[in-house]
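Peer 1: structure, please.
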Amino acid sequence: MAAPRKENVKDLITEATEELLRTKKLSDISLSEIARFAGISKGTLYYHYKTKTDILFDITDKYLDRQYNDLIEWTGDASKDTSMHRLVKYILERDISTAGMRLHLFYDAMLGNEAIRKKLLNRYSEFASVISEKIRERTDRVPADYCAWLLLLLSDGLFIHQTLGNEELDPAKFIRQSEQFIQEEFL
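Peer 2: Down below sits the predicted model:
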């Protein structure tokens, strides 16, 4: 008799990989370990993913797609205050709260993984474009493209310092101060 079929095998694989990535670098995790942690055979894993990079792509896409869709939904909700200062706060808070997986991508890209490097740059370009569009909808007082990249670079710096445990920087306080600064400048 055949074993019962597991539904959402890709979800099992990505969730197992995410869990392993909480304590290990991707380079220190084997596909066998991922399969074992997901409760599936190596053959099943290989059927869905040929490399760990492919798994990391799917994990990253899940987070980035959610972040992108949440931004579009939030800025399109007429019942919410999505003015410029709130937009800055929203982007910074959301970006640093989901940054953990990007650290793995940065690490692999810096070690020469060209596929990950290109994927990261492509996603940054997509986010910069939509953020720039949302800024243009709210103000013409700043260059929107510059401001979009400034927000992305700022959020990367914040999450790096948060990850490092920099006691001299409180990211939540920094975001509140940034929101207040923008609010004062745009009122």
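Peer 1: what is the neighbour count of Cys89?
Peer 2: Quick fix: residue 89 is Lys, not Cys. When neighbours are counted by other C-beta atoms under 10 Å, Lys89 registers 17. Every C-beta, even on glycine, is put in place using the N, C-alpha and C of the backbone.
Peer 1: so it sits right up against Glu179, yeah?
Peer 2: Yes. In this structure, Lys89 is within contact of Glu179 by C-beta atoms under 8 Å, at 4.1 Å.
Peer 1: ranges for the helices of the chain?
Peer 2: Counting by DSSP state H, one finds helices in the chain at the ranges 9-21, 31-38, 42-48, 52-76, 84-97, 100-110, 114-138, 144-164, 171-186.
Peer 1: dump those into JSON lines; add mean pLDDT as well.
Peer 2: JSON lines is the format used below for these (pLDDT from 0 to 100):
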{"stretch": "helix 9-21", "mean pLDDT": "94"}
{"stretch": "helix 31-38", "mean pLDDT": "96"}
{"stretch": "helix 42-48", "mean pLDDT": "95"}
{"stretch": "helix 52-76", "mean pLDDT": "88"}
{"stretch": "helix 84-97", "mean pLDDT": "90"}
{"stretch": "helix 100-110", "mean pLDDT": "80"}
{"stretch": "helix 114-138", "mean pLDDT": "92"}
{"stretch": "helix 144-164", "mean pLDDT": "92"}
{"stretch": "helix 171-186", "mean pLDDT": "90"}
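Peer 1: deepest-packed of those, please.
Peer 2: The highest average neighbour count among the helices of the chain, using mean count of other C-beta atoms under 10 Å, belongs to helix 84-97 at a mean of 20.
Peer 1: residue contacts, Val155?
Peer 2: Heads up, residue 155 is Ser, not Val. 91-92, 95-96, 99 (C-beta atoms under 8 Å, 6 or more residues apart in numbering).
Peer 1: and which of those residues is nearest to Asn122?
Peer 2: Asp95 (16.8 Å; C-beta to C-beta).
Peer 1: I'd say the closest one and Leu64 touch.
Peer 2: No. Asp95 is not in contact with Leu64 according to C-beta under 8 Å; the separation is 10.2 Å.
Peer 1: pretty sure Arg86 contacts Ser178?
Peer 2: No. Assessed by C-beta under 8 Å, Arg86 is found out of contact with Ser178, at 11.4 Å.
Peer 1: got the contact list for His85?
Peer 2: When contacts are counted by C-beta under 8 Å, 6+ apart, His85 touches 179-180, 182-183, 186.
Peer 1: with only the CA atoms kept, save stretch 131-141 in CSV.
Peer 2: Presented in CSV, the C-alpha positions along stretch 131-141 are these (Å, rounded to 0.1, in the frame of the first residue of the first chain):
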residue,chain,number,x,y,z
ILE,A,131,7.5,53.2,-4.0
SER,A,132,8.5,56.0,-6.4
GLU,A,133,5.0,55.9,-7.9
LYS,A,134,3.4,56.0,-4.4
ILE,A,135,5.6,59.0,-3.5
ARG,A,136,4.6,60.8,-6.7
GLU,A,137,1.0,60.3,-5.8
ARG,A,138,1.5,62.1,-2.5
THR,A,139,3.9,64.9,-3.3
ASP,A,140,6.0,66.6,-5.9
ARG,A,141,8.2,68.3,-3.3
